[in-house]
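Visitor: Here is my input; please provide its structure:
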Amino acid sequence: MADTTKIKTVIEPNVRNWLSKQFPGHVFKEKPIRLTTGESYTFDAVAEDASIVAAILSNRAKTRTGRENTGGVRKALSEIGYLKAAPEGVKKVMVFTDDDFYQLIQRRATRLGTWPIQMIVCKLPPHLEAVLREVLDKASHEQRAAE
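Guide: Down below sits the predicted model:
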């Protein structure tokens, strides 16, 4: 299985810091939230007062072979479901690190209805973009070898 821990330990903390600048006065941490379904779900970024919950998606739109990233799409669509189940009155956000993936999910999610989820793109600095690309490339190579 590909080692994607750098996404959790390097990329997501950077995105949480970026979110703090987008929503001044808030500090974000990975944290579970009780959903309207009665279950809990751990979101990638939750404001300290739980007024904002966010899912961070670091996927690419296409696989190494040029096909649509169906696994990434499935994950994003399930995140939409969790965000929709977050409590009323909570600001719900999806943060993408890849603009092409953002565009793809906007198209794919229209049938689900994404209101009131705010979808935004966090442009990573070049050194973090390189880290993410390396992690995703290694995962892609392992996935391809397993097929």
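
Visitor: just checking, residue 10 touches residue 127?
Guide: No. Checked against CB atoms under 8 Å, the pair residue 10 and residue 127 is beyond contact range at 9.8 Å. (Each C-beta comes from the backbone N, C-alpha and C, glycine too.)

Visitor: And these two? Which one has more around it.
Guide: Using other CB atoms under 10 Å as the criterion, residue 10 and residue 127 rank with residue 10 on top: 14 against 10.

Visitor: contacting residues around the more buried one?
Guide: 128, 131 (CB atoms under 8 Å, 6 or more residues apart in numbering).

Visitor: What mean pLDDT does the longest helix anywhere in the chain get?
Guide: Using DSSP state H, we find that the single longest helix of the chain is helix 126-146. Average pLDDT, helix 126-146: 83.

Visitor: Same check on stretch 56-65?
Guide: Computed over stretch 56-65, the average pLDDT equals 92.

Visitor: So which residues make contact with it?
Guide: By CB under 8 Å, 6+ apart, stretch 56-65 touches 7, 11-12, 15-16, 44-45, 68-69, 72, 75-76, 79, 94-98, 100-101, 103-105, 132, 136-137, 140-141, 144.

Visitor: Quick one: distance of that stretch to the chain centre.
Guide: On the basis of CA atoms, centre = their mean, to the nearest Å, stretch 56-65 is displaced by 11 Å from the centre of the chain it belongs to.

Visitor: what does stretch 50-67 give?
Guide: 5 Å.

Visitor: CA atoms only for that stretch - export them in CSV, please.
Guide: The C-alpha trace of stretch 50-67 is given here as CSV (Å, rounded to 0.1, in the frame of the first residue of the first chain):
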residue,chain,number,x,y,z
ALA,A,50,-16.9,24.0,15.2
SER,A,51,-18.6,26.8,13.2
ILE,A,52,-16.7,25.7,10.0
VAL,A,53,-16.1,22.2,8.8
ALA,A,54,-14.0,21.4,5.8
ALA,A,55,-12.9,18.4,3.7
ILE,A,56,-9.5,18.6,2.1
LEU,A,57,-9.1,16.8,-1.2
SER,A,58,-5.6,16.4,-2.6
ASN,A,59,-6.5,14.2,-5.6
ARG,A,60,-5.8,14.7,-9.3
ALA,A,61,-8.5,14.7,-11.9
LYS,A,62,-6.8,12.1,-14.1
THR,A,63,-4.9,8.9,-13.4
ARG,A,64,-1.3,8.4,-14.7
THR,A,65,-2.8,6.7,-17.8
GLY,A,66,-5.1,9.7,-18.5
ARG,A,67,-8.3,8.2,-17.3
